[in-house]
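>>> let me see the structure of the following:
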Amino acid sequence: MLIRETHSNDLEMILAVEKAAFEIEPIVVNLVSELLNDPSAQPTLSLLAFQNNNPIGHILFSRVKLENVSLISASILAPLAVIPSSQNQGVGSQLVQTGLDILSRLETALVFVLGSPAYYARFGFQPAQILGFDPTYPILDKNIDAWMVKILKPNVMNYAKGKVICANALNKPEYWIE
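Got it, this is the predicted structure:
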């Protein structure tokens, strides 16, 4: 498997992966397209996974800000997509780990995700709200552990807390309702 950063001419492949992975949730396909074209999401980190020159997975990290805190580089992972025939084969895990490694080298301090605690905990994500990071929109109590953060720069915890403000494309309540 090959994982590489995407280029502007990869949009068709990216959206094909997203459509295959989220067939029953077309809202995700629209989100990816919007985020890739949203200046408030920049810089983004977009990675494609290939098997035999065919795209099989995609992951997108976009910029977020902490309300009332400046000078902290933070991102949100949304979404992670793997085509059905390649799921449960480690593609998603490799995309997540590759993305986290690149973001760490780029001096990103925090990475947020709203996703499965069982899945993302294996990468070091932990519940974000108990650490002082509020989600963009309220999350039901039963799902609050799905709001998670990966701390890439531990010293940031001395001064980073607050509400996470996403890019304009992701800053909509429909993306936060479970």
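>>> which stretches of the protein have low pLDDT?
Scanning the chain for pLDDT under 70 picks out the ranges 178.
>>> pull the longest helix from it.
In the chain, assigned by DSSP state H, the helix with the most residues is helix 91-105.
>>> got the buried residues for it?
91-92, 94-96, 98-100, 103 (16 or more other CB atoms under 10 Å). Where you see a C-beta, it was placed from the backbone N, CA and C, and this is true even at glycine.
>>> and for stretch 115-124?
115, 117, 119-120, 123.
>>> stretch 20-36 now?
20-22, 28-29, 31-32, 35-36.
>>> and stretch 8-17, by the same measure?
Buried-residue list, stretch 8-17, by 16+ other CB under 10 Å: 10, 13-15, 17.
>>> now stretch 77-92
Neighbour-count burial for stretch 77-92 [16+ other CB under 10 Å]: 77-83, 86, 91-92.
>>> ranges for the helices of this structure?
11-21, 26-36, 91-105, 117-120.
>>> can I get stretch 22-35 in CSV, CA atoms only?
Extracted in CSV, the C-alpha atoms of stretch 22-35 (Å, rounded to 0.1, in the frame of the first residue of the first chain):
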residue,chain,number,x,y,z
PHE,A,22,-20.1,6.7,3.0
GLU,A,23,-22.7,5.5,0.5
ILE,A,24,-25.5,5.9,3.0
GLU,A,25,-24.2,9.3,4.3
PRO,A,26,-23.8,11.6,1.2
ILE,A,27,-23.4,14.6,3.6
VAL,A,28,-19.8,13.4,4.2
VAL,A,29,-18.9,13.7,0.5
ASN,A,30,-20.2,17.2,0.4
LEU,A,31,-18.2,18.0,3.6
VAL,A,32,-14.9,16.8,2.1
SER,A,33,-15.4,18.8,-1.1
GLU,A,34,-16.3,22.0,0.9
LEU,A,35,-13.4,21.6,3.3
